[in-house]
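**Student:** Below are the sequence and a predicted model for it; my questions follow.
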Amino acid sequence: MSYFETFSDMAMKTRRSGDQAQFCPESDEELFNSTKDIPNDGKGKRVAFALHVNKRQARKCVSLCVLQTEDGVSDGSDSAFIRDKVGITVRYFMNIGITVIIAVLAGLLHWAHLTNLFENDKHFSHLSSIEKEMAFRTEMVFLGSLFRIYTGIMDFFGIPTKACWNVNRADGLNPVESCEGMGDAAYFYVSCVFLLNGVMMSLFYIYGTYLSGSRLGGVVTVLCLFFNHGESTRVMWTPPLRESFSYPFFVLQMLLLTRILRRSKLERRSLVALGACNVLFLLPWPFAQFVLLTQIACLFACYFMGYLSTSKMKSLLVVHLASFAICFVMLFGKLELLTSFYISSLVAGWAIIALRDDITRVCKLGIVTIFVQGIAWFTSTVLLKFFISFILGASNDAHIGNLIRSKLTNYKDFHTLMYTCAAEFDFIELETLLGYVKTLILPVNIVIVAIISGKAIKEVWRSLRRERVDSKEDVDIDTEQMAQFANGEMVYHSLQLVAFAVLAILVMRIKLFLAPLMCLMASLICSRQLFGWIGEHFKSHITVFGILSIMAIQGVANFQSQRGIVGDFSNLPQEQLLEWINANTMPNAVFAGSMPTMASVKLSTGRAVVNHPHYEDTWQKERTKLVYTMYSRKPAKEVKRNLMQLQADYFILEDSWCNRRSRPGCSMPEIWDVEDQENRGKLPLCTLLSIDSRPHFTTMFENKVYKDNAFLLNTLKSSAYCALCTFTC
């Protein structure tokens with residue numbers, strides 16, 4: 001609901017200075033355009049103007065004004081107007097109450113939907129403890145301390161937190177104990193993740209309502225998310241992922257940013273909350289810095305075009321710098337942050353703001369100034385990033401640049417292929433784009449972005465023309481009008497959508513950012529500011545319901561398809577492997593193997609591992625590369641030397657990793673062929689070891705339940721001997 005529509009039912013008059021202009025515009029935009037010829041003394045006084053309040057009640061006009069105070073014009077915010085003039089009304093409480101109730105219902109529905117999908121897919125309630133852990137990864141430690149606090153409090157009050165029973169298994173397997181309830185560590189973990197993502201859906205409803213100015217807009221956002229659920233999140237299939245913890249805070253961060261961009265007056269509490277969300281978004285997920293980089297780029301684009309004031313842009317930079325500093329300390333001085341494009345963009349931004357007057361003076365023409373500032377910011381960001389990386393001798397995020405480079409050229413190396421051979425890092429699928437079209441979310445977003453872009457271009461062009469007429473005027477009516485166009489938040493969202501769209505085309509995984517933002521932007525079909533030309537509210541609502549009906553044709557089918565997925569998690573070969581490790585190896589034994597398997601070994605057995613799934617760190621990438629020489633064509637003696645260098649005692653060999661390939665050139669031996677030209681054409685070492693592991697390795701355990709997924713556990717003879725020798729000495 002817009003500023004004027006919010007008070008359309010109050011039917012009250014306020015005092016003002018100057019002459020009153022009586023007119024009844026048909027829309028908010030027409031209302032604002034009609035006031036540009038009203039005199040303004042340049043000191044903050046604005047002549048009051050009449051507002052068309054209710055077209056359905058004889059087209060009455062109500063006078064509305066912004067009052068002059070000793071310090072200037074009041075901020076004109078909804079809350080300030082109600083508080084200062086009429087107090088809190090029953091209608092206000094009813095509106096807030098209805099919004100909160102719908103938001104809570106949306107969150108509960110999403111939480112129930114996620115829980116149901118996860119249970120249907122895994123049959124989680126009937127899994128044993130070790131089976132539940134096999135479905136997880138090392139991120140589970142994130143909630144370990146909170147779980148201990150919860151169980152401690154419940155035990156203190158004598159409140160039962162879980163129920164356990166024995167589950168009989170077929171094929172001669174022993175019965176296992178299965179527990180259900182928040183007192184079970186795995187259940188506690190999954191419940192917290194799904195609860196957080198349920199709250200995220202409530203935030204999406206509030207976000208859509210606030211952005212569009214209509215509760216119907218919030219409903220559109222929620223329905224679009226359910227219609228495109230499979231393209232918007234994967235938390236229901238893989239709850240332990242770091243994005244499951246981070247992304248909900250990014251949604252809240254964007255909502256707070258929208259509030260900051262919309263309001264003319266900066267609020268310290270909003271800035272503090274924005275900073276807190278930045279920290280919570282950055283801490284669990286290293287990839288978050290690249291998302292925030294795109295946000296900074298979009299904000300600077302808005303600033304260069306004149307949609308953000310210098311003071312507001314500086315405040316946002318301060319918040320991001322403070323958030324970065326806190327994360328850098330809490331992550332124990334992680335160099336990946338210090339050498340990132342994100343921090344370089346913030347520092348470069350400060351320099352551009354400081355030099356903006358000089359750039360304007362030199363360029364003179366406004367359009368040239370905008371392009372020069374943009375090019376200067378981009379160039380200085382890139383140069384500063386490489387300078388810092390060179391000084392510190394670090395290149396932790398080089399894989400991101402190489403990944404983009406591989407998309408645009410024929411470049412490839414071992415680490416790049418490890419990413420690009422995975423489906424989620426490939427180009428976006430045509431099927432995904434067709435799905436967006438079938439649910440109508442893509443066409444709707446194209447129309448919305450086109451309208452916002454057209455208005456933005458018109459406003460910027462008008463401002464640039466006026467600058468040429470009178471370059472000495474500091475603040476004129478058109479400049480205020482340009483700032484009043486949604487205060488820049490709609491322009492920002494359009495730019496952010498374009499940024500995510502470009503990245504999603506290159507890297508399919510980014511669609512998890514693109515699809516939710518498209519669902520959010522779809523709420524703007526309810527915006528009177530963009531679609532007031534449709535007519536009165538009744539016609540507008542009929543149009544929205546018509547669009548939703550078309551969306552629902554494919555959207556309901558998608559929803560039912562998700563609900564129809566039924567599975568039963570079972571990984572008996574890995575379960576037997578983990579049980580053997582627990583029973584037959586020393587607690588201080590060190591293991592090497594594929595990253596996903598190492599996560600399970602660490603979680604379920606507590607044994608030390610030399611590599612794990614957090615592949616972003618340069619040091620970790622190089623260790624994993626040494627481990628994966630087992631799947632190359634290198635001699636066994638050289639591979640053994642690599643593993644001894646890592647102080648590994650055991651290596652877990654998986655035939656599936658040796659043979660599988662998602663597409664030509666993507667099997668592990670073929671990936672190694674890119675860098676190991678010398679051994680091309682030889683049999684892969686993993687194939688030879690599957691036949692006979694001698695003389696360099698000894699097979700300690702072999703699982704033959706599933707031949708394609710057999711595990712071979714090999715001990716390094718020399719490594720074990722050296723450890724014994726060191727102990728004896």
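**Tutor:** Cool, the structure landed. Numbers count the residues shown, from 1 in each chain.

**Student:** for the lengthiest helix in the chain, packing partners?
**Tutor:** Looking across the chain with DSSP state H, the single longest helix is helix 90-122. Packing partners of helix 90-122 (3 or more C-beta pairs under 8 Å, 6 or more residues apart in numbering; DSSP states H and E): helix 185-212, helix 215-227, helix 537-563. Bear in mind the C-beta positions are built from the backbone N, C-alpha and C, glycine included.

**Student:** what about 6 Å?
**Tutor:** Where contact means 3 or more C-beta pairs under 6 Å, 6 or more residues apart in numbering; DSSP states H and E, helix 90-122 is packed against helix 185-212.

**Student:** So what's the model's average confidence on the helix it packs on?
**Tutor:** Mean pLDDT, computed over helix 185-212, is 91.

**Student:** and it, what other elements does it pack with?
**Tutor:** Looks like helix 185-212 contacts helix 90-122, helix 215-227, helix 242-262 (3+ C-beta pairs under 6 Å, 6+ apart).

**Student:** Mind telling me which of those the model trusts least?
**Tutor:** Ranked by mean pLDDT, the helices and strands packed on helix 185-212 bottom out at helix 90-122, with a mean of 90.

**Student:** Now do the contacts for the closest residue to Ser380 other than its chain neighbours.
**Tutor:** In this structure, Ser380 finds its nearest non-sequential neighbour in Ala348, 4.0 Å apart by C-beta to C-beta, 6 or more residues apart in numbering. Contacts for Ala348 (C-beta atoms under 6 Å, 6 or more residues apart in numbering) come out as Trp377, Ser380, Thr381, Leu384.

**Student:** now do Asp568
**Tutor:** His123.

**Student:** now it, what's its secondary structure?
**Tutor:** coil (DSSP: H, G, I helix; E, B strand; the rest coil).

**Student:** Could you report the pLDDT at it?
**Tutor:** pLDDT at Asp568 comes out at 74.

**Student:** Next: the one 10 residues further on.
**Tutor:** For Leu578, the pLDDT comes out at 87.

**Student:** just Phe328 next, same as before
**Tutor:** Residue-level pLDDT assigned to Phe328 equals 93.

**Student:** Count the residues that sit near it.
**Tutor:** Residues near Phe328, counting by other C-beta atoms under 10 Å, number 17.

**Student:** next one: Asn703
**Tutor:** By the other C-beta under 10 Å criterion, the neighbourhood of Asn703 contains 18 residues.

**Student:** surely it meets Pro573?
**Tutor:** Yes: checked against C-beta atoms under 6 Å, the pair Asn703 and Pro573 is within contact range at 4.6 Å.

**Student:** any idea which element the residue nearest to Ser380 lies in?
**Tutor:** For Ala348, the host element (DSSP states H and E) is helix 341-354.

**Student:** from the middle of its chain, how far away would that helix be?
**Tutor:** Taking C-alpha atoms, centre = their mean, to the nearest Å, one finds helix 341-354 lying 22 Å from the centre of the chain it belongs to.

**Student:** in what helix or strand does the closest residue to Gln645 other than its chain neighbours lie?
**Tutor:** Closest residue in space to Gln645, ignoring its immediate chain neighbours: Leu626 at 6.9 Å, by C-beta to C-beta, 6+ apart. Using DSSP H and E, Leu626 sits within helix 618-627.

**Student:** what helices or strands is the helix or strand immediately after that helix in the chain leaning on?
**Tutor:** The element immediately downstream of helix 618-627 (helix or strand, assigned by DSSP H and E) is helix 636-645. Helices and strands touching helix 636-645, as assessed by 3+ C-beta pairs under 6 Å, 6+ apart, are absent.

**Student:** Can you point out the buried residues in helix 636-645?
**Tutor:** Buried residues in helix 636-645, counting neighbours by 16 or more other C-beta atoms under 10 Å, are found at Ala636, Val639, Lys640, Arg641, Asn642, Leu643.

**Student:** Off-centre distance for that helix?
**Tutor:** On the basis of C-alpha atoms, centre = their mean, helix 636-645 sits 40 Å off its chain's mean C-alpha point.

**Student:** Dump that helix to CSV, keeping only the CA atoms.
**Tutor:** Output of helix 636-645 as CSV, limited to C-alpha atoms (Å, rounded to 0.1, in the frame of the first residue of the first chain):
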residue,chain,number,x,y,z
ALA,A,636,51.1,-46.4,-7.2
LYS,A,637,54.4,-45.5,-5.7
GLU,A,638,53.9,-41.8,-6.3
VAL,A,639,50.3,-41.8,-5.0
LYS,A,640,51.5,-43.7,-1.9
ARG,A,641,54.1,-41.0,-1.3
ASN,A,642,51.4,-38.3,-1.6
LEU,A,643,49.2,-40.0,1.0
MET,A,644,52.2,-40.5,3.3
GLN,A,645,52.9,-36.8,3.0
